[in-house]
Each structure stands twice: as C-alpha cells, then as structure tokens.
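K.L.:
the amino acid sequence is not available; the structure is as follows:
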C-alpha cells in the first residue's frame with residue numbers, strides 16, 4: 001500500500017489522544033515514502049512541559065500508527081514544546 005496524505009490523515013484520530021490531554025494537537029505536514037511528518041501544535045496546552053519532546057513522541061507514535069498503516073516506517077514530529085513555549 002502506498003501512503004498518501006489522505007490515508008494517513010484518516011488514522012491520525014487514533015493517536016491524537018496521546019497529546020490532546022495536555023492541550024496539544026497533531027497536524028499532518030507530509031508523507032514521503034514511509035516517512036510521516038507531523039507538526040505538534042500547542043493550542044490550549046495546560047502543561048507545556050508535560051508534552052513529550054518531538055523525538056520521544058515520534059518513537060511512541062510510530063507503533064501506534066503502524067497498527068493502522070503498516071507501510072509507515074518513520075514518524076517525525078516537528079515543533080517541540082520548547083520551541084512553542086517561547
């Protein structure tokens with residue numbers, strides 16, 4: 001199966017709760033081969049320091065998304081809490 005923006009976006013709701021509890025949101029930025037790039041958006045973050053840093057969040061999101069789309073080989077999260085807090 002070839003990954004598309006549409007196919008990945010359809011499954012993001014399954015992983016959004018991982019950051020939603022802290023007031024953050026995940027936005028799909030792009031799909032390149034098996035790599036999915038997500039942007040971490042701090043909207044109503046009650047605890048910005050509670051949201052995991054991008055690299056750790058990527059490691060947690062990969063198996064969660066692979067459970068829905070096995071073709072995903074890497075997840076990259078941009079916009080870590082440190083950058084959004086300034």
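P.N.:
Arrived safely. Owing to the predicted nature of the structure, the values given are computational and were not obtained by experimental measurement.
K.L.:
pretty sure residue 56 is in a helix, no?
P.N.:
Yes: according to DSSP: H, G, I helix; E, B strand; the rest coil, residue 56 belongs to a helix.
K.L.:
which residues touch it?
P.N.:
Contacts of residue 56 were listed using CB atoms under 8 Å, 6 or more residues apart in numbering, and none were found. C-beta: built from backbone N, CA, C; applies to glycine.
K.L.:
can you find the helix or strand of this structure with the lowest average pLDDT?
P.N.:
Ranked by mean pLDDT, DSSP states H and E, the weakest helix or strand in the chain is helix 81-84, scoring a mean of 47.
K.L.:
you'd agree residue 77 is up against residue 61?
P.N.:
Yes: contact criterion CB atoms under 8 Å: residue 77 and residue 61 qualify, at 7.0 Å.
K.L.:
give the residues shared as contacts by those two.
P.N.:
With CB under 8 Å, 6+ apart as the test, residue 77 and residue 61 both reach 26, 38.
K.L.:
what about the strands in the chain?
P.N.:
Assignment of strands within the chain using DSSP state E yields the ranges 24-32, 35-42, 74-78.
K.L.:
figure out how far stretch 64-78 is from the centre of its chain.
P.N.:
9 Å (CA atoms, centre = their mean, to the nearest Å).
K.L.:
mean confidence for that stretch?
P.N.:
Stretch 64-78 shows a mean pLDDT of 95.
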